[in-house]
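*Asks:* here is a sequence with its predicted model. Questions after.
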Amino acid sequence: MSLFDVSLEELRTRTSQKWRRYPPDVLPLFVAEMDVRVCEPVVAAVTHALRRGDTGYPAGRPYQEAFAGFAERRWGWAPDPATTALVPDVMQGVSELVRLLTDDDGVVVINPPVYPPFRAFVRRTGRAVERADLGADGRLDLAALDEAFGRARAGGRSAVYLLCHPQNPTGTLHAPDELRAVGELAARHGVRVVSDEVHAPLVLDADVRFVSATTVIPGAVAVHSASKAFHLAGLKAALAVPGPDAVADLARLPELVSSEVGHVPVLAHTTALTHGDDWLDALLESLRDSRAHLGALLDSRLPRTRWTPGAATYFAWLDLREQLPGEEDPAARLLADARVALNAGPTFGRPGAGFARLNFATSRAILTEAVERVARSLPA
């Protein structure tokens, strides 16, 4: 049975952004919220904590220890809980790492099209943004990175490369050899690597395995959270995990940062990573089914929409340039005409013009209705 068996009527009782940003006649397939119920061990842990008044401040390293066990079971990777730092959430953790690893006039390199908050959070730190666009194949362009690292380091400025791994919005999973090549480029230029790995548990292809950047780039720091994989975005908590050469750097992270994390979110994430394996396996199977169903729908109803399914995440990066020629932001057109809400491609950077991001972590019925609405809204 699919985990996406939650009815549309029940979903519309939710009060989060996905179900409140738009009027009820809109089908929301945009923000990274899944149409699932939270796994029962997490529900029980949070409920019991509230009932016994266990709503104080975090203590010890339960989240770090749970993540270490999860990483070893799922990926054969054994990060050290003693050197892993608690941070408020993924993007606040990224911001703190950027501040830690660069000077005030530092530069951060990103790979558009990429998660829109990358640019916004970097700018909040006061650092400049440098682009190294993904290649035409949607993968890292090492030549573009080489040039971008050179521009970032001009004049002796400090620089960080902010990697999205797995990549959002394309769903690409960077291969170990690619990560190694990135590490060599970064070392040659004196650029530090920070890797957003929040979608790491959501690898859908059976023939590939997630490999953290920290295992092949010794000076990298990765940021992890159970939020995306376990539908816990409203319970913010994350971890910064150093590679072996970054342990001393991460130890300099101000203690104040971890004090901003809530105890109940830590309980929820710890429980998910400790007792949620069966639920996660069922989720991955449900996502594979949704991904295949979406592909079949696009082939039959929107044949001029191009999509290369990614190995990870629950996002479809749809190329609508042939389907809707001349539309820089096709999501705006589809919202107005089809009443389907997708993420606007241009918000992911200039290469996103003509694209839209669709979240397929939902039921077959909702995906079918969404694609039918889009097909009916298009000119004959």
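*Replies:* Okay, I see it. All figures in this text were calculated on a predicted structure; none of them were measured in a lab.
*Asks:* from here on, just use CA atoms for contacts and neighbour counts.
*Replies:* Fine.
*Asks:* show me where the stretch 51-200 of the chain has its strands.
*Replies:* 85-87, 107-110, 128-131, 159-164, 192-196 (DSSP state E, counting those that start in this stretch).
*Asks:* let me know which of these is the nearest to residue 119.
*Replies:* strand 128-131 (6.9 Å; C-alpha to C-alpha).
*Asks:* the closest one: how far from the chain's middle?
*Replies:* 20 Å (C-alpha atoms, centre = their mean, to the nearest Å).
*Asks:* again, but for stretch 351-370
*Replies:* That offset, for stretch 351-370, works out to 16 Å (C-alpha atoms, centre = their mean).
*Asks:* buried residues, that stretch. List them.
*Replies:* For stretch 351-370, a neighbour-count test (16 or more other C-alpha atoms under 10 Å) marks 351-364, 366-368, 370 as buried.
*Asks:* please apply the same query to stretch 238-257.
*Replies:* For stretch 238-257, the neighbour count (16+ other C-alpha under 10 Å) marks 238, 239, 240, 241, 242, 243, 244, 246, 247, 250, 253 as buried.
*Asks:* now stretch 130-137
*Replies:* Of the residues in stretch 130-137, those buried (16+ other C-alpha under 10 Å) are 130, 131, 132, 133, 134.
*Asks:* tally of neighbours for the nearest residue to the last one once chain neighbours are set aside?
*Replies:* This means residue 134. In this structure, residue 134 finds its nearest non-sequential neighbour in residue 140, 5.1 Å apart by C-alpha to C-alpha, 6 or more residues apart in numbering. Under the neighbour criterion other C-alpha atoms under 10 Å, residue 140 is assigned a count of 21.
*Asks:* and residue 323, by the same measure?
*Replies:* So residue 323, with other C-alpha under 10 Å, has 17 neighbours.
*Asks:* give me the distance between it and residue 379.
*Replies:* 10 Å (C-alpha to C-alpha, to the nearest Å).
*Asks:* swap in residue 239?
*Replies:* 48 Å.
*Asks:* picking up where we left off before, quick check: which of the strands of the stretch 51-200 of the chain is nearest to residue 289?
*Replies:* Closest to residue 289 of the strands of the stretch 51-200 of the chain is strand 159-164 (C-alpha to C-alpha; 24.6 Å).
*Asks:* got the strands of the stretch 51-200 of the chain as JSON lines, with mean pLDDT columns?
*Replies:* Formatted as JSON lines, the strands of the stretch 51-200 of the chain follow (pLDDT from 0 to 100):
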{"stretch": "strand 85-87", "mean pLDDT": "98"}
{"stretch": "strand 107-110", "mean pLDDT": "98"}
{"stretch": "strand 128-131", "mean pLDDT": "98"}
{"stretch": "strand 159-164", "mean pLDDT": "98"}
{"stretch": "strand 192-196", "mean pLDDT": "98"}
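*Asks:* kindly present those strands as CSV, with separate columns for distance to residue 232.
*Replies:* Putting these into CSV (distance: least, C-alpha to C-alpha, whole Å) gives the following:
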stretch, distance to residue 232
strand 85-87, 15
strand 107-110, 26
strand 128-131, 29
strand 159-164, 20
strand 192-196, 17
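*Asks:* closest to residue 266 out of these?
*Replies:* When the strands of the stretch 51-200 of the chain are compared (using C-alpha to C-alpha), the closest one is strand 85-87, at 9.3 Å.
*Asks:* off-centre distance for that closest one?
*Replies:* So, by C-alpha atoms, centre = their mean, the centroid of strand 85-87 is 18 Å from its chain's centroid.
*Asks:* distance of the nearest residue to residue 128 once chain neighbours are set aside relative to residue 120?
*Replies:* Using C-alpha to C-alpha, 6+ apart and skipping the chain neighbours, the partner closest in space to residue 128 is residue 107 (4.7 Å). According to C-alpha to C-alpha, residue 107 and residue 120 sit 13 Å apart.
*Asks:* this completes my enquiry, with thanks.
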